[in-house]
Structures are given as structure tokens and as C-alpha cells.
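Novice: when you get a sec, could you give me coordinates for this:
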Amino acid sequence: MTPSEYKQLKGLARENLRDHMTDLELIFSMLGEAATTEIARRQDAQGFSENKTASRKGGRIAGKAREKLENETGAKVVSSENYLTGPEHRKRLKTKQGKMAHHD
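Specialist: Residues are numbered from 1 along each chain as shown. This is a model prediction of the structure:
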């Protein structure tokens, strides 16, 4: 799914897509980015073409991991749920408040 398609699914116009992802969506996005970075670094990717190849490989790794989780749980990772209006926001807010209370 392209970022534009993802934004449309979540009902976003100009907002930052990452700010509206659930925990799992964010984790799998980060896995793809980290895998891409590692592949590009280890293969000393130079130029657009080599980096594009590394990017596709990194995305494929994250995609396969996502599919395995979806098969195991029977639930899709990608959703129209919006973090800022959904239960993820409340969970993170409680966690953040709990951490802040421990630092006082």
C-alpha cells in the first residue's frame, strides 16, 4: 500500500501518517525501514537503482513478517483505525502518564 493509499484508508488529509498508526503498524513500518537500511549498508548500495532494490527487499521482509502475524492471529495489522482517536492513544497516554508520575 502506498503512503497516499494508507492516508486515504485512515481518513487523513495533510496530517502525518505515522502519528495516526497503531503500535503494530508503526512496528512493521520501522522493521521495513531498519531492514532496508541494514541491507543497503551491508551491500554498500550506491545510487537510486541499488537503493531501490534494497528498499524492496526491506519492504518484503516486513511484509512477510506482517503476513505471518496476521495468519497466526487471524486479524489484519493494517486498519482504518486512527491512533489519535482510537484505543491506542488512550493506552499510550496512560503509559506516558504513569512514567511521568514515577519521575516526580
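
Novice: where exactly do the helices run in the protein?
Specialist: 3-10, 23-42, 47-73, 87-103 (DSSP state H).

Novice: highest mean neighbour count out of these?
Specialist: Across the helices of the chain, averaging neighbours per residue (mean count of other C-beta atoms under 10 Å) puts helix 23-42 on top, at a mean of 16. Bear in mind the C-beta positions are built from the backbone N, C-alpha and C, glycine included.

Novice: who are the packing partners of that helix?
Specialist: helix 47-73 (3 or more C-beta pairs under 8 Å, 6 or more residues apart in numbering; DSSP states H and E).

Novice: between helix 23-42 and the helix it packs on, find me the angle.
Specialist: Compare the direction of helix 47-73 with that of helix 23-42 by axes from the mean of the first three to the mean of the last three C-alpha atoms, to 10 degrees and you get 140 degrees.

Novice: what's helix 47-73 packed up against?
Specialist: Applying 3+ C-beta pairs under 8 Å, 6+ apart, one finds that helix 47-73 contacts helix 23-42.

Novice: contacts for the helix it packs on next, please.
Specialist: For helix 23-42, contacts defined as C-beta atoms under 8 Å, 6 or more residues apart in numbering pick out 18, 21, 45, 50-51, 54-55, 57-59, 61-63, 65-66, 69, 77-79, 88.

Novice: nearest residue to residue 58 other than its sequence neighbours?
Specialist: Of all residues not flanking residue 58 in the chain, residue 36 sits nearest, at 2.9 Å (C-beta to C-beta, 6 or more residues apart in numbering).
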